[in-house]
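Participant: Build me a model:
(one chain, ligands or ions: 1)
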Amino acid sequence: MKLLVTGGSGLMGSKVAEIGLQKGYEVFSGYAHHLPTHGTAVKIDLRNDSSVVEAVKAVRPDVIIHTAALTDVDVCEADKNLAYRMNAQATKTLAESAREVGAFTVYTSTDYVFDGSRGMYKEEDRTNPVNYYGYSKLQGESYCDAVARTCVIYGSRPASGKVNFALWILEKLMRGETAQVVADQHITPTINTNLALMVLELAKPRLKGVYHLAGATRISRYDFAVELARTFGLDADLIIKSRMSEMKWAAKRPADSSLETSKASRCLETTPWSIEEALRTLKNEIG
Ligand SMILES: NC(=O)c1ccc[n+]([C@@H]2O[C@H](COP(=O)([O-])OP(=O)(O)OC[C@H]3O[C@@H](n4cnc5c(N)ncnc54)[C@H](OP(=O)(O)O)[C@@H]3O)[C@@H](O)[C@H]2O)c1
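Facilitator: Numbering: from 1, shown residues only. Reported below is the predicted structural model:
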């Protein structure tokens with residue numbers, strides 16, 4: 001199978017490319033600024049439609065796993081045109097080009113399509129984004145064959161060098177610094193390894209529709225940070241409880257955007273991992 005992973009230098013995409021290669025697929029890794037470490041690198045600029053079209057025509061993949069996006073929630077709020085162009089328009093162009101070469105498209109979406117007033121959202125629940133990032137990602141959902149919604153991805157550092165929530169906590173605690181973490185935001189954190197395995201299982205048999213591919217455990221950000229400290233033998237007392245209202249975020253965040261994952265458990269061989277299983281994997285991966 002010939003696989004094109006957009007965002008191949010990112011947190012999710014780099015794992016999809018790595019595991020895709022392990023499964024024996026021919027992997028092409030899209031990137032914008034940071035050279036991917038797995039697969040054949042393909043430059044793609046989501047801001048430029050012709051760059052997207054050319055990349056798809058050049059690779060002619062069987063499957064595209066589209067993880068590239070403008071992922072900074074506050075930047076999306078500040079530059080809505082750019083967010084729309086990269087998250088919605090580029091997805092439309094990618095999906096149209098994919099259809100021309102017969103490629104199956106999997107779009108990575110987000111828990112931020114929900115308003116967070118309830119939590120444990122199912123695939124068919126009403127979407128109602130509270131910020132522009134969530135809105136722009138929701139627009140992108142309509143174009144692809146499958147939609148994989150996920151939540152707070154973490155894992156080993158990708159080629160882009162971007163620090164995710166888990167690494168940020170671990171690095172702070174290792175330096176003996178305190179970390180302020182909100183206790184009133186609930187999530188289903190998702191390790192990139194589990195996510196990559198699930199998304200590839202969705203892509204291979206071309207399963208269409210919306211799937212929640214997230215961790216199996218609903219937890220507050222604060223409790224997640226404490227679990228990280230425990231797993232790595234670090235001082236959990238350095239984690240200071242705070243509230244969402246104290247954070248100086250430009251964009252509003254949903255309070256409980258946890259995702260219910262029973263559809264993934266029913267349909268896929270790799271099921272969503274519990275927090276304990278995921279943190280054991282993280283410890284094995286990064287020591
Ligand atoms: N992170 C989360 O907690 C989270 C939660 C829910 C959903 N999601 C969704 O999951 C997907 C993956 O997220 P992630 O955290 O893995 O992303 P990420 O680490 O921020 O990586 C973003 C990727 O997009 C690429 N990119 C940036 N600007 C680009 C451009 N102009 N043209 C082409 N590619 C460009 C980056 O390439 P360069 O590094 O080369 O610039 C990078 O490979 C995204 O679609 C995101 O919306 C993420």
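
Participant: What is the neighbour count of the residue in the stretch 151-287 of the chain positioned nearest to the ligand?
Facilitator: Closest residue of the stretch 151-287 of the chain to the ligand, Cβ to the nearest ligand atom: S160 (3.5 Å). All C-beta atoms are positioned from the backbone trio N, CA, C, and that covers glycine. By the criterion of other Cβ atoms under 10 Å, S160 has 19 neighbours.

Participant: Now do the contacts for it.
Facilitator: S9, G10, L11, S14, H33, H34 (Cβ atoms under 8 Å, 6 or more residues apart in numbering).

Participant: Would you mind giving the secondary structure of it?
Facilitator: coil (DSSP: H, G, I helix; E, B strand; the rest coil).

Participant: do you know how far it is from Y211?
Facilitator: 25 Å (Cβ to Cβ, to the nearest Å).

Participant: G39 too?
Facilitator: From G39 to Y211 the distance is 23 Å (Cβ to Cβ).

Participant: cool, G30 as well?
Facilitator: Relative to Y211, and taking Cβ to Cβ, G30 is found at 22 Å.

Participant: Compare those two (neighbour count), which wins?
Facilitator: G30 (32 against 24).

Participant: re earlier: could you flag which of the contacts of S160 are buried?
Facilitator: Among these, the ones that count as buried by 16 or more other Cβ atoms under 10 Å are S9, G10, L11, S14, H34.

Participant: I'd like the list of the residues you listed that fall within helices, please.
Facilitator: Using DSSP state H to define helices, the subset of the buried ones among the contacts of S160 located there is L11, S14.

Participant: for the ligand, what are the nearby residues on the stretch 51-200 of the chain?
Facilitator: 67-69, 71, 86, 108, 110-111, 137, 150-153, 158, 160, 162 (Cβ under 6 Å from any ligand atom).

Participant: and the residue nearest to V56 when sequence neighbours are not counted, helix, strand or coil?
Facilitator: Leaving out its chain neighbours, the residue that sits closest to V56 by Cβ to Cβ, 6 or more residues apart in numbering is S97, at 3.8 Å. Of the three states, S97 takes helix under three-state DSSP.

Participant: My guess is S97 contacts V53. True?
Facilitator: Yes - with contacts counted by Cβ atoms under 8 Å, S97 reaches V53, the gap being 4.9 Å.

Participant: neighbour-wise, which of the two wins?
Facilitator: Neighbours were counted for S97 and for V53 using other Cβ under 10 Å; S97 has more, 19 against 16.
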